[in-house]
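A predicted structure for the sequence below; I have some questions about it.
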Amino acid sequence: MGRIQSWLSAWLAAYLSKQVTRNSIPTATYVQLKGALRPGDVLLVEGDTRISIAIKYLTQSTWSHSALYLGDNAGLGQSDQGEPHVLIEADLERGIRSLPLSHYRHSHTRICRPVGLDDDDLQRLTRYALSRLGNTYDLKNVFDLARYLLPTPPVPTRYRHRLLTFGSGDPTRAICSTFIAESFQQLRYPILPLVRIVPANDPDCDDCTREAYRLRNHSLFTPRDFDASPYFQIIKPTLAPGFDYRQLAWEDRPGSGHPGNPALRKARIR
């Protein structure tokens, strides 16, 4: 029975990871994306697999996947073509793995940047991520994966997010952003912390209160939470070099723009 269950879970993982659509349209060129990223950034991805459709529906968000950008010097290795691995992510089939940025070259992405991390913070973040590299997840509970077979299950809106955490939780950890949330929680960097109002314990003010923050359980995080977090900046690669709308080459205005500008050529090709 155990072998059958394991085989079925592996089959389901492969089935759900298959690409089924190509609706994802990049909003920046690959050169712009590469130039804008910094170590510590979270890269959100609009996926195009069966499970991506389900996650986007259940979270009511564009983003179905997330990866942590660590940069060229993180020691993540390189591809067979010699391209450095700069991202680390939790994959449904392969567990936690590293990969080159070009893997998401043609995907719609968003950069979410933590604020105020120093070199020591980045080193701790990198060390933790590297310590998890190669970890795989227990996919023995078929019910954890079967929930995604219906891309748009008839579930009331208020219950959709809960469906992601139903079951043993192991596949949920691989699918959602638990790994990245765990990484930032090593630093106690906030994503969407729980906030309570507690007594201030001020001897001069009996009625004074203060806000007390508490880490949210990492198994509850989804990609959209990094987008919604008030503690991550949203970075637009097209604006990073200094955007000037007057330089755009409009079709109906032949004299507009500067055709010799490489950035504009890339923008038109995209």
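Nice, thanks for sending it over.

what about the helices in the protein?
Listed from the start of the chain, the chain has helices (DSSP state H) covering 2-16, 30-36, 50-59, 119-132, 142-146, 157-163, 170-175, 178-185, 224-228, 262-269.

worst average pLDDT in those?
Taking each of the helices of the chain in turn, the lowest mean pLDDT turns up on helix 262-269, with a mean of 43.

Please tell me the pLDDT value assigned to the residue lying farthest from the centre of the chain.
In the chain, the residue that sits farthest from the middle, by Cα atoms, centre = their mean, is Asp204; the gap is 45.6 Å. What the model reports as pLDDT for Asp204 is 79.

gap between it and Ile197?
When distances are taken as Cβ to Cβ, to the nearest Å, Asp204 and Ile197 turn out to be 19 Å apart. To be clear about C-beta, it is placed using only N, CA and C from the backbone, and glycine gets the same treatment.

just Arg132 next, same as before
Summarising the geometry, the distance separating Arg132 from Ile197, computed by Cβ to Cβ, is 35 Å.

Looking only at neighbour counts, state which of the two leads.
In this view Arg132 and Ile197 are compared by other Cβ atoms under 10 Å, and Arg132 has more residues nearby, 14 against 9.

Contacts only, for the nearest residue to Ala36 once chain neighbours are set aside.
Distances taken as Cβ to Cβ, 6 or more residues apart in numbering put Pro237 closest to Ala36, at 3.9 Å, once the chain neighbours are dropped. Counting by Cβ atoms under 8 Å, 6 or more residues apart in numbering, Pro237 makes contact with 28-29, 32-33, 35-36, 111.

now with 7 Å?
28, 32-33, 36, 111 (Cβ atoms under 7 Å, 6 or more residues apart in numbering).

how close does it sit to Asp41?
Taking Cβ to Cβ as the criterion, Pro237 is separated from Asp41 by 11 Å.

Overlap in contacts, these two.
Taking Cβ under 7 Å, 6+ apart as the contact definition, Pro237 and Asp41 share the neighbouring residues Ile111.

and Glu251, how many residues sit next to it?
Using other Cβ under 10 Å: Glu251 sits among 7 other residues.

what's the answer for Pro154, then?
For Pro154, the neighbour count with other Cβ under 10 Å is 5.

What's the separation between the residue nearest to Ala36 and Arg188?
Taking Cβ to Cβ, one finds Pro237 at 29 Å from Arg188.

all strands for the stretch 101-250 of the chain, in order.
Across the stretch 101-250 of the chain, reading from the start of the chain, the strands by DSSP state E, counting those that start in this stretch fall at 109-114, 194-199, 209-214, 232-235.

Rebuild those strands as CSV, extending it with mean pLDDT and distance to Gly75.
Formatted as CSV, these follow (pLDDT from 0 to 100; distance: least, Cβ to Cβ, whole Å):
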stretch, mean pLDDT, distance to Gly75
strand 109-114, 98, 21
strand 194-199, 82, 34
strand 209-214, 81, 32
strand 232-235, 96, 24
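
for those, which one ends up most surrounded?
Sort those by mean neighbour count, taking mean count of other Cβ atoms under 10 Å, and strand 109-114 sits at the top with a mean of 22.
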